[in-house]
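Engineer: Quick one: sequence and predicted model below, then my questions.
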Amino acid sequence: MRLNPQNTSPSSVGKLIFTTSTDPFTRGLDYLYGVRSLALDAEMIDVVYDLENRKSLCVWICEHIDAVNQELEECLQACHDCFHPWEQPTIQIFAAPIAQSFGIDALCNLQTNPITILIDVGRVVPADWLRLVVHEYAHAHVGSPGHHQQFARSLSHLCLGLGIAPPPLQPGMESYLRFYPDCRPTQNPLAFWRGESGTANED
């Protein structure tokens, strides 16, 4: 297993793991351990311990994760296109089933190089994946985890560029911005990862 090299450009980032295994379960498990190594806390990807669901998740990941990650790459590129090339942070983006106990749909790890965005595509409807990416991209762009004025400016710029209503800038906006833009949640986050909610293109 090998992670992305660090000297990558926005257009060349995309492959997380190279594995020699031909077994679908092993390949899927390799992927999960790969994203664990990129998370803010490895326990954010805790399905590796879920003996009931792990096999079906890993096999589905082996067969479908490239297509899902390609869709996220397209969302990432749309965000890049809102800025001049010299303003674009170097980012790698991957889908990952994030533990429900952390209470988040996505994360931006500013400590990795490139910066890593992980999106739990099972938690929101596919039509709203771009909205999750927009929020995390704004963190990457300002290089900060906070929801402050600088974050608000980057988020508003992205929203305007992508046809999303920008957030209202008002006192106490930090708590509001934590959940902006709004995303429609799914009923069962793991259902997507088990292949029970259709294809990656389903709205």
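Structural biologist: Great, that's in hand.

Engineer: C-alpha only now, for contacts and for neighbours.
Structural biologist: Will do.

Engineer: For the biggest helix by length in the chain, buried residues please.
Structural biologist: Within the chain, and with DSSP state H defining each element, the longest helix by residue count is helix 54-80. Judged by neighbour count (16 or more other Cα atoms under 10 Å), helix 54-80 contains these buried residues: 54-62, 64-66, 68-73, 75-76, 78-80.

Engineer: Not counting sequence-adjacent ones, nearest residue to Phe63?
Structural biologist: Actually, residue 63 is Glu rather than Phe. In this structure, Glu63 finds its nearest non-sequential neighbour in Pro24, 7.4 Å apart by Cα to Cα, 6 or more residues apart in numbering.

Engineer: Please apply the same query to His139.
Structural biologist: Of all residues beyond its chain neighbours, the one nearest His139 is Pro145 (5.8 Å), with distances taken as Cα to Cα, 6+ apart.

Engineer: The one you found: neighbour count?
Structural biologist: Neighbouring residues of Pro145 were enumerated by other Cα atoms under 10 Å; the total is 15.

Engineer: was I right about it contacting Ala138?
Structural biologist: No - contact between Pro145 and Ala138 fails when scored by Cα atoms under 8 Å: they sit 9.3 Å apart.

Engineer: Tell me the spacing between Phe25 and Phe192.
Structural biologist: Going from Phe25 to Phe192 by Cα to Cα, to the nearest Å gives 17 Å.

Engineer: So if I had to pick from those two, which one is more boxed in?
Structural biologist: When Phe25 and Phe192 are compared on other Cα under 10 Å, the one with more neighbours turns out to be Phe192, at 23 against 20.

Engineer: in what helix or strand does the more buried one lie?
Structural biologist: Using DSSP states H and E, Phe192 falls within helix 189-193.

Engineer: Can you report phi and psi for Ala95?
Structural biologist: phi -80, psi 140 (degrees, to the nearest 10).
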